[in-house]
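got a predicted model here, sequence first, then my questions.
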Amino acid sequence: MAAGQDSTTVWFHRHFLRLTGGHLKHAHYFDHVRRLPGYAPRISFAAEPGASLHPDQRRLWPPRKGAYAERWQPSSADILFLAGLDWRYLIDSGLDVLPNPRINLIQHVRHAQEGTELHGYLKHRAVRICVSEEVAQALLATGKVNGPVFTIANGMHTPPAIALHRFAADLLPRRRRSVIVVGYKRPELAKALAERLTDAKVPHHLLLDFLPREQFLAALAGTEVTVCLPNVEEGFYLPALEAMACGSVVVTLDCIGNRSFCHNHQNCLIAPEDPDTLTAATIHALTLFPKARKALRRQADETVRQHSLAKERQRFHEILGNIHSIW
């Protein structure tokens, strides 16, 4: 066995250009493998020969002994982990002919859309793990999935420092910032909303760049209302859950993949993707009566508890431990 005499290697691959939510979740699964006795993760990165790794790569996929590999060299007992376009690497390397079990993490509903490269990979046998029930149902509706499909809802881990930021923010009569608009996925809509908030004299911060995660969460912990603007279609959309964890009231859009955890007027506010309506929803969130605000945040806290990283890890370990019978 490649990673040690008594361990099964789970082989990962990543093409990393910049930090994204998809990379973060991929790194979570890498860590889930590391925490399971008898298993060891190894990863190879798509990079130019001699290229140095980005600091975020070393942070997300820590370079412990034997963790990095120039290319996959699986033994017969090893497991192959694929996400997104990692199928390209498998096929281009000629490894698609191997009988090894394959786990395919599905993070977006676009895998179910005909004519896309991702849809074309559904014909390859794999044990597929979907990050939301909406993604799983979209895949199954195609009738083209080769292999079993499981749902493991995305979990998140809130670092202790973020809990401290939130605790400090909650002691204040009003948080430091009124509104943050998380608009790096929908910059034009975010700018239009920001213009209207300016006209309405609502203090706000427009976020159009992807921040390091702890910096992002610390900012949310000091914000009364976070407006999360996902793409039209997402597989899950973690920022909305992260904002809930930070104690901010969430205003967001429907993006399919967030329907299982974003519930309008229960744990957040959901508005149409129209700048005027979004502005009204944001101002409404800011002016909620204390009782209504507490009820919203209480339900948001319960939602966060249901989406812990520990639960995600436990469910994945169950699948990984039975992979040969499932496969």
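Perfect, thanks for sending it.

heading C-terminal from the strand or helix carrying residue 312, find the next helix or strand.
Residue 312 is located in helix 309-321, with elements delineated by DSSP states H and E. Next in sequence after helix 309-321, counting helices and strands by DSSP H and E, comes helix 323-326.

pLDDT weak spots in the stretch 101-250 of the chain?
The stretch 101-250 of the chain contains residues with pLDDT under 70 at 158-176.

rerun at 80
Applying pLDDT under 80 to the stretch 101-250 of the chain flags residues 157-177, 212-214.

show me the helices in it, by range?
Listed in chain order, the helices of the stretch 101-250 of the chain (DSSP state H, counting those that start in this stretch) span 117-120, 133-142, 160-170, 187-199, 213-221, 238-245.

okay, these, which one's buried deepest?
Of the helices of the stretch 101-250 of the chain, the one with the most neighbours on average (mean count of other C-beta atoms under 10 Å) is helix 238-245, at a mean of 26. C-beta coordinates here come from the backbone N, C-alpha and C atoms, glycine included.

packing partners of it?
helix 21-34, helix 213-221, strand 223-228, strand 249-252, helix 290-306 (3 or more C-beta pairs under 8 Å, 6 or more residues apart in numbering; DSSP states H and E).

distance to residue 74 added to the helices of the stretch 101-250 of the chain, as CSV?
CSV is the format used below for the helices of the stretch 101-250 of the chain (distance: least, C-beta to C-beta, whole Å):
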stretch, distance to residue 74
helix 117-120, 23
helix 133-142, 25
helix 160-170, 37
helix 187-199, 41
helix 213-221, 31
helix 238-245, 30
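
and those helices: which comes nearest residue 16?
For residue 16, the closest of those is helix 213-221, at 15.2 Å, according to C-beta to C-beta.

and the angle for the closest one with helix 21-34?
Between the axes of helix 213-221 and helix 21-34, defined by axes from the mean of the first three to the mean of the last three C-alpha atoms, to 10 degrees, the angle is 120 degrees.

which strands and helices lie in contact with helix 213-221?
helix 160-170, strand 177-182, helix 238-245.

who does the closest residue to residue 204 other than its chain neighbours bridge with?
Distances taken as C-beta to C-beta, 6 or more residues apart in numbering put residue 179 closest to residue 204, at 3.9 Å, once the chain neighbours are dropped. Note on residue 179: beta-bridge partners by DSSP bridges are residue 204, residue 225.

which residues touch residue 179?
197, 202-205, 223-227, 282, 286 (C-beta atoms under 8 Å, 6 or more residues apart in numbering).

so residue 275 sits against residue 192, correct?
Yes. Using C-beta atoms under 8 Å, residue 275 is in contact with residue 192, at 3.9 Å.

residues contacting the residue nearest to residue 198 when sequence neighbours are not counted?
Computed as C-beta to C-beta, 6+ apart, the closest residue to residue 198 that is not its neighbour in sequence is residue 204, at 7.7 Å. By C-beta under 8 Å, 6+ apart, the contact set of residue 204 is 177-181, 194, 197-198.

do the same with residue 136
Counting by C-beta under 8 Å, 6+ apart, residue 136 touches 106, 130, 149-151.

what do you get if the cut-off is 6 Å, keeping everything else the same?
By C-beta atoms under 6 Å, 6 or more residues apart in numbering, the contact list for residue 136 reads 130, 149, 151.

residue 277 too?
The contact partners of residue 277, by C-beta under 6 Å, 6+ apart, come to residue 271.

state the pLDDT value of it.
Predicted confidence (pLDDT) for residue 277: 97.

between the helix or strand hosting it and helix 187-199, how big is the angle?
Assessed by DSSP H and E, residue 277 sits inside helix 275-286. Here helix 275-286 points in a direction 60 degrees away from that of helix 187-199 (the same axes, to 10 degrees).

so that it lines up with my notes, have the first residue be 34 from now on.
Happy to do that; since the first residue is 34 now, the last one works out to helix 308-319.

pull helix 308-319 out as CSV, backbone CA atoms only.
Extracted in CSV, the C-alpha atoms of helix 308-319 (Å, rounded to 0.1, in the frame of the first residue of the first chain):
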residue,chain,number,x,y,z
PRO,A,308,-31.9,45.5,-6.5
ASP,A,309,-34.9,47.4,-5.3
THR,A,310,-36.5,44.4,-3.6
LEU,A,311,-33.1,43.4,-2.1
THR,A,312,-32.7,46.9,-0.7
ALA,A,313,-36.1,46.7,0.9
ALA,A,314,-35.3,43.3,2.4
THR,A,315,-32.0,44.6,3.7
ILE,A,316,-33.6,47.6,5.4
HIS,A,317,-36.3,45.4,6.8
ALA,A,318,-33.6,43.1,8.3
LEU,A,319,-32.0,46.1,9.9
